[in-house]
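# Based on what follows, work out the 3D shape:
(2 chains)
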2 protein chains.
Amino acid sequence: MAEEFVTEITKKSEDFSEWYVQVVRRAELADYSPLKGCMVIRPYGFTIWENIQDALDRRLKETGHVNAYFPLFIPESFLSREAEHVKGFAPQVAWVTQGGDEILEERWAVRPTSEAIIGYMYSKWVRSWRDLPILINQWCNIVRWEKVTRLFLRTTEFLWQEGHTLHRTHEEALEEVLRILEIYRDLVENDLAIPVITGKKSPSEKFAGALDTFTLEALMPDGKALQCGTSHDLGQNFSRAFEITFLDSDGQEKHAWSTSWGVSTRLIGGLIMVHGDDSGLIIPPRIAPYQVVIVPIFYGQEQEEVINKARELRDLLKKSGIRVLLDDRDEYTPGWKFSEWELRGVPLRLEIGPRDLASSEAVLVRRDNREKRRASWEALPTVAPQVLESVQKSLFDRAKNFRETNTRESEDFSEFKKIMEEKRGFILSPWCGNEACEEEVKAQTTATIRCIKDEEPSGKMCLVCGNEAKFLAYFAKSY
Amino acid sequence: MAEEFVTEITKKSEDFSEWYVQVVRRAELADYSPLKGCMVIRPYGFTIWENIQDALDRRLKETGHVNAYFPLFIPESFLSREAEHVKGFAPQVAWVTQGGDEILEERWAVRPTSEAIIGYMYSKWVRSWRDLPILINQWCNIVRWEKVTRLFLRTTEFLWQEGHTLHRTHEEALEEVLRILEIYRDLVENDLAIPVITGKKSPSEKFAGALDTFTLEALMPDGKALQCGTSHDLGQNFSRAFEITFLDSDGQEKHAWSTSWGVSTRLIGGLIMVHGDDSGLIIPPRIAPYQVVIVPIFYGQEQEEVINKARELRDLLKKSGIRVLLDDRDEYTPGWKFSEWELRGVPLRLEIGPRDLASSEAVLVRRDNREKRRASWEALPTVAPQVLESVQKSLFDRAKNFRETNTRESEDFSEFKKIMEEKRGFILSPWCGNEACEEEVKAQTTATIRCIKDEEPSGKMCLVCGNEAKFLAYFAKSY
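Numbering: from 1, shown residues only, chains lettered A, B, ... in the order given. Predicted coordinates:
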């Protein structure tokens, strides 16, 4: 029965994208809805999101940010005020044209991002340099009309946070952009155990309306990059479009400098892909809904004693702050439960059976490498967190090792194309900075510049045109 | 300067609704947006919402509920499946008719409530009695096209939580409906310090598609009732409309029994109205963004010493788990700060000046009754929480006393009309149960049945028709 349960899943190593969809649905992370491109995030998946929210919200509040809530809708004329912005987002907008039986005179966009409505409100609130900085974040839903969608990775509606800040000087704004990039890196690497490279986007890939976009890019097991978050230096573009000015201490009226930044439920897609294996999900302990699942093993008359002890151990672990589930359902065998909780990615399994009662011990099994060890009951509050930390670290190290193995350098376009064809991954190459060369790479390989490395190319020549390189850029195919 | 600041506000006792709007905007709880009927919840107001969310989410999780996220949109045909439901909500729907440049074949409703989309998903997920109960909640935004709006109390878009549960029997569903009603009562009375009466709605006032609606009703200072939350027994209406069936242990396929329930950002409007006074807001300590504001008082050279001590006291209070703000801005006088934080409703002010340095004391001033007391620094971690608890209790007692004074009984329609004209408030009256009599009261007084008391009318006669009463009903004008 246990075996049946597992063999129903396509192997990650055989058909990665089919494995992905099956794991998401079978682990009850999410499901398709009857609305094209919109998903339902089920409780198990939503708990991962809540844990990500907690981890990020704490970091944002520690650095002086506060939450607020702005309207879901943006009048069409507002979206149009910043020329690049509307060009980038209008094709993706869902439009409300009727309210009750009233036809609207002006269409309302369902927010594809909130710079426009927030910029308008900021222009009403800011008067003096003493009002700055403004450091506001909002957690909300976003709608972008997508042609091709994939659970968590690209959906018509998704959840995210979007920070929108105002500053007195460009220096302060840029500091904020990089502070947030570092907070995101810390979150993604330390809580989600996903290693990332960070850097600036090329002009063609930056946010519509930004001066510069900084990004976090992770490598997926199929060799494609996943953009995990972005932080934008908006310069004074939106301040000019929405007339956000302040009276500075020198008596001059000035335009504020603004930033925006966001991460979304897409992160959940990233962690599924990076950590999972043929048996299903592996969720990093720091954001796992359940860090430990207790499976009692009993036959006939020992049942009560085993279950009572399992309950005691659950309470013991709970008291030490561990998120723990006792699976005491009696309609499933222990083997079936092992498979189910492996599929659902619980990082640590605790088994307790009749033999363990005599020795006052339990068996701990790691999800990532299936390593088993015994631990005495009284040692559990110490041992379990240690093992969980070790799982967390191993997941990160494994992913980082994969990323490093699959990050190559190339200064030769033929070689570059061969690597991109056969192995994918990141390729670090010199680039002259011209969009034509970037386009040529995309046309021939579908790879794009994921980000620019913060390092001089020191005399190297552009991969495509052979002229002097201005940048070292990470190229990859991407989601 | 301090006086100027305060006199700018209309007095609550003189023009209640003007006072309300001014307080909401001047305290920076919320602001109007350029979208008709949509508001912006500013950080100070949103923190109140976050504290309400924390308080309720904890209670819901303790009783086995989990969070999830369902799509923002509902296809028009889904909304129409339950006849009463669509009749009730269709006139209030905002419709998405275009995505990008594509005209939709079927309009998408922006959710006015989510029974329809959730019902559809539940029909896919539930198979066996072992899958029940399903106890899912979601925190989200809701859109209802409103003609007349008022900040927090009635807005086109608002935030809420909506619970949607499925049960094996009607008894279990009804238990859930009442369990939630009690959780809401506990939240509203103990955290928001707003006394409520609870009971069943009359058929004309129940949720569109429900068998029965239970409600919490609070009395506002202008004598009008505010509905603070509802909990619906949906019977099998939605299970039939969406074919939510399960195989019971007796081998029979049965329709599940469902409930839904919600509270919204409207609660914030309630607490503003109930507790505020002529000087502005008074926020109950348990949900106040800042429970204590420290205002240092200094002249010239003592400044540094006073501020250093103020910082120490802030850290001391923070360490005891109190939400505290130190207002160390030097561009405002202490008097101005007193007025501002009174307007913004911080329940307890701590003053520290040069004289207090010598005596190692500080002055505590309650917002609700302006009572002053001195406390030694070392006693603050004990004294401050006690004073805060006392403020919390006083606010509730004051509101309860007002509610009791303004709850009258009447069995005579002329007397009833006179009270409703001159004093408003709740009137408890016998009612025969016929909609015609309910309508007559509404036509002549605009008052409606807010809820039915859980008590037999024991031989009394209907207020309107004089026939035998079946119910004792609380009547009131309402928001």
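# So stretch A:90-104, near chain B or not?
Yes: residues of stretch A:90-104 are located near chain B by CB under 8 Å from any CB of the partner chain, namely A:91-102. No exception for glycine: its C-beta is placed from N, CA and C like everyone else's.
# Of those, which belong to strands?
A:94-99, A:102 (DSSP state E).
# and which of those is nearest to A:Thr213?
A:Ala94 (23.9 Å; CB to CB).
# so what's that closest one up against?
Contacts for A:Ala94 were tallied using CB atoms under 8 Å, 6 or more residues apart in numbering or on different chains; they are A:109-110, A:143, A:145, A:156, B:96, B:98-100, B:108.
# contacting residues around the residue most central in space within chain A?
Of all residues in chain A, the one closest to the mean position by CA atoms, centre = their mean is A:Leu267, 1.9 Å from it. The contact partners of A:Leu267, by CB under 8 Å, 6+ apart, come to A:52, A:188, A:192, A:228-229.
# what about it, which helix or strand?
helix A:266-275 (DSSP states H and E).
# for the record, mean pLDDT for that helix?
Average pLDDT, helix A:266-275: 98.
# Also stretch A:141-156?
96.
# Could you confirm whether it reaches chain B?
Yes: part of stretch A:141-156 sits near chain B under the criterion CB under 8 Å from any CB, namely A:141, A:143, A:145, A:156.
# any chance of those residues in a markdown table, plus secondary structure and distance to A:Ser17?
Formatted as a markdown table, the residues of stretch A:141-156 next to chain B follow (DSSP: H, G, I helix; E, B strand; the rest coil; distance: CB to CB, whole Å):
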| residue | secondary structure | distance to A:Ser17 |
| --- | --- | --- |
| A:Asn141 | strand | 26 |
| A:Val143 | strand | 24 |
| A:Trp145 | coil | 22 |
| A:Thr156 | coil | 19 |
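# Burial check on the closest residue to chain B within the stretch 151-300 of chain A, number of neighbours?
At 5.4 Å from chain B, A:Glu157 is the closest residue in the stretch 151-300 of chain A, using CB to the nearest CB. Residues near A:Glu157, counting by other CB atoms under 10 Å in any protein chain shown, number 23.
# Where does pLDDT dip in chain A?
For chain A, the stretches with pLDDT under 70 are A:1-7.
# how does it divide into domains?
A:12-275, A:292-383, A:407-476 (automatic domain parsing).
# For my notes, please list the ones you listed in JSON lines and give distance to B:Phe338 for each entry.
Putting these into JSON lines (distance: least, CB to CB, whole Å) gives the following:
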{"stretch": "domain A:12-275", "distance to B:Phe338": "19"}
{"stretch": "domain A:292-383", "distance to B:Phe338": "41"}
{"stretch": "domain A:407-476", "distance to B:Phe338": "50"}
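# Where do the strands of the stretch 51-200 of chain A begin and end?
Using DSSP state E, counting those that start in this stretch, the strands of the stretch 51-200 of chain A run over A:66-67, A:73-75, A:94-99, A:102-110, A:134-143, A:157-167, A:197-200.
# Buried deepest among those, which one?
strand A:73-75 (a mean of 25; mean count of other CB atoms under 10 Å in any protein chain shown).
# so does that strand get close to chain B?
Yes: remark: strand A:73-75 sits within contact range of chain B at A:73, A:75, by CB under 8 Å from any CB.
# can you list contacts of that strand?
A:96, A:106-111, A:114, A:116-117, B:34-35, B:38, B:157.
# Please tell me how far that strand is from the chain's geometric centre.
Averaging C-alpha positions (CA atoms, centre = their mean, to the nearest Å) puts strand A:73-75 27 Å from its chain's average.
# Sheet partners, orientation included, of it?
Within its sheet, and counting by DSSP bridges, strand A:73-75 is paired with strand A:102-110 (antiparallel).
# between the strand it pairs with and strand B:94-99, how big is the angle?
Interaxial angle, strand A:102-110 versus strand B:94-99 (axes from the mean of the first three to the mean of the last three CA atoms, to 10 degrees): 70 degrees.
# for the closest residue to A:Glu115 other than its chain neighbours, helix, strand, or coil?
The shortest distance from A:Glu115 to any non-neighbouring residue, by CB to CB, 6 or more residues apart in numbering or on different chains, is to A:Phe238 (5.5 Å). Following DSSP: H, G, I helix; E, B strand; the rest coil, the label given to A:Phe238 is helix.
# I'd like the distance between the residue lying farthest from the centre of chain A and chain B.
Centroid-distance maximum for chain A: A:Gln301 at 47.4 Å, with CA atoms, centre = their mean. Distance of A:Gln301 to chain B, given as CB to the nearest CB, to the nearest Å: 25 Å.
# For the stretch 1-150 of chain A, which segments count as helices?
Assigned by DSSP state H, counting those that start in this stretch, the helices in the stretch 1-150 of chain A fall at A:2-7, A:16-26, A:43-62, A:76-79, A:83-89, A:115-125.
# With mean neighbour count and distance to B:Ala469 as extra columns, can I get the ones you listed in TSV?
Formatted as TSV, the helices of the stretch 1-150 of chain A follow (neighbours: other CB atoms under 10 Å in any protein chain shown; distance: least, CB to CB, whole Å):
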stretch	mean neighbour count	distance to B:Ala469
helix A:2-7	13	61
helix A:16-26	18	55
helix A:43-62	18	45
helix A:76-79	18	56
helix A:83-89	18	60
helix A:115-125	23	52
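# how close does A:Val66 get to A:Asn137?
7 Å (CB to CB, to the nearest Å).
# what does A:Tyr332 give?
Applying CB to CB to A:Tyr332 and A:Asn137 gives a distance of 43 Å.
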